[in-house]
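Enquirer: what's the 3D shape of this:
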Amino acid sequence: MASSEMAMVRFHSKLERALDKVRVILGQTKSPCWPADTHHQYQDKFLLAECLTNVAAASQLNCLVQIGLAEEQRRQLFKWVAEGNVVSLVFRAEERCTFNRKVEREEEDPTKRVQEVSVAGAVQAALTSKVVTKVTEYVWDLKMSYELQAICGVGDNPSHRLSVTKRSGKAELKTSTDAPPRPEARIPAASHHCNVSWLLGQLGPESLTPHFKVKREDPKCHTPRRNQEVEAACRHFAEFRTWVSLVTDYLGAMLRIQPDPSKKLDMNALSSQGTFVPVVPLFQEEEGEQGEKPAEGGSAAAAAEQAATSSASDVECGAGTGVLSCLAVAQNQPMPASVCLGSSDINLLLVEEAR
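Expert: Have a look, this model is predicted:
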């Protein structure tokens with residue numbers, strides 16, 4: 001099997017696991033399915049693209065809040081973007097390695113040699129010898145610190161820099177020679193930037209509700225995928241993913257520095273494999289015979305009622321759920337008939353991700 005085929009098999013396997021998880025979250029009152037498995041209209045494809053982009057934006061902001069982005073900082077970031085400035089996230093790390101001390105000790109070989117001295121066939125004495133090795137160790141202090149900042153423009157003014165989170169640590173490294181195990185100073189040891197202006201531009205400063213929408217009337221809008229709005233979203237998510245990978249790789253390398261070989265960390269505990277990702281392309285399966293085409297021009301009232309009867313009543317985002325950004329739940333407003341999952345259902349997925 002070719003590598004591309006194996007990658008596709010793994011991808012479909014992940015999708016199926018995600019679908020099983022969604023069915024558990026939403027309960028038996030909902031029947032989520034893949035878009036190819038239920039009848040839908042062309043406008044549903046636009047709605048799906050908008051829904052997935054909005055939930056991805058909400059998920060990213062919730063992750064930043066979990067890291068340490070405070071409310072006042074969020075308001076400042078939104079203000080910068082509203083003024084037409086570029087806002088970026090900057091991860092910067094520093095490392096310093098300095099000599100601490102020289103340690104000399106002796107190690108005895110556990111094996112002992114016994115030599116007997118005999119006179120006229122009789123043992124007169126027994127001589128015991130052992131090997132003692134002199135060990136010289138050099139101890140070094142490795143100090144590491146990192147900080148995640150949100151900056152406006154190039155951040156040349158201190159007021160244009162906001163510290164989201166920072167941390168420092170220290171470890172002792174041992175070597176058998178006087179050569180340092182790491183460079184004396186690495187400043188910066190890592191420096192990674194990510195432009196998040198697009199993300200902040202999709203969110204409201206008060207409600208933190210994403211409002212991404214495809215301009216379908218734009219002549220440059222060809223399909224739900226081929227349009228300027230989705231292209232800009234894809235560029236942002238690709239850049240954000242690359243940035244996260246670089247930061248993750250650096251922090252993972254730092255965690256693998258173990259001063260004491262007898263103590264080993266379970267690096268699998270840091271894996272993201274068990275994290276639920278709420279960005280899942282799903283439709284709501286039509287009631288009745290599967291594949292049956294729904295009546296044209298379905299009533300807006302029926303669609304609104306369907307969205308209101310979510311597996312849970314309107315999800316309250318905020319304290320207690322770990323979710324600050326979620327999709328808006330329409331109330332007493334006309335809604336087009338659609339097979340897309342309701343906002344309340346999507347918000348349940350965001351809550352599960354935070355949990």
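
Enquirer: from here on, contacts and neighbour counts on C-alpha atoms
Expert: Noted.

Enquirer: can you give me the strands for this protein?
Expert: Remark: strands assigned in the chain by DSSP state E are 32-33, 87-119, 122-152, 161-175, 185-195, 283-284.

Enquirer: in JSON lines: those, plus mean pLDDT.
Expert: Shown next, in JSON lines, are the strands of the chain (pLDDT from 0 to 100):
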{"stretch": "strand 32-33", "mean pLDDT": "92"}
{"stretch": "strand 87-119", "mean pLDDT": "87"}
{"stretch": "strand 122-152", "mean pLDDT": "87"}
{"stretch": "strand 161-175", "mean pLDDT": "93"}
{"stretch": "strand 185-195", "mean pLDDT": "96"}
{"stretch": "strand 283-284", "mean pLDDT": "90"}
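
Enquirer: residue 352: which of the ones you listed is closest?
Expert: strand 32-33 (16.2 Å; C-alpha to C-alpha).

Enquirer: which other helices and strands contact that closest one?
Expert: For strand 32-33, the packing partners by 3 or more C-alpha pairs under 8 Å, 6 or more residues apart in numbering; DSSP states H and E come out as helix 3-26, strand 283-284.

Enquirer: packing partners for the shortest one?
Expert: Meaning strand 283-284. strand 32-33.

Enquirer: quick one: strands adjacent to the strand it packs on?
Expert: Strand pairing for strand 32-33, using DSSP bridges, gives strand 283-284 (antiparallel).

Enquirer: just how off-centre is the strand it pairs with within its chain?
Expert: Relative to the centre of its chain, strand 283-284 is centred 26 Å away, using C-alpha atoms, centre = their mean, to the nearest Å.

Enquirer: next one: stretch 115-123
Expert: 75 Å.

Enquirer: ok, stretch 101-114 next?
Expert: 48 Å.

Enquirer: got a list of contacts for that stretch?
Expert: With contacts defined as C-alpha atoms under 8 Å, 6 or more residues apart in numbering, stretch 101-114 is touched by 126-140.

Enquirer: narrow those to just the buried residues.
Expert: Buried members of the contacts of stretch 101-114, scored by 16 or more other C-alpha atoms under 10 Å, are 137, 138, 139, 140.

Enquirer: adding distance to residue 207 and mean neighbour count, write the helices and strands packed on strand 32-33 out as JSON lines.
Expert: Shown next, in JSON lines, are the helices and strands packed on strand 32-33 (distance: least, C-alpha to C-alpha, whole Å; neighbours: other C-alpha atoms under 10 Å):
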{"stretch": "helix 3-26", "distance to residue 207": "24", "mean neighbour count": "13"}
{"stretch": "strand 283-284", "distance to residue 207": "26", "mean neighbour count": "22"}
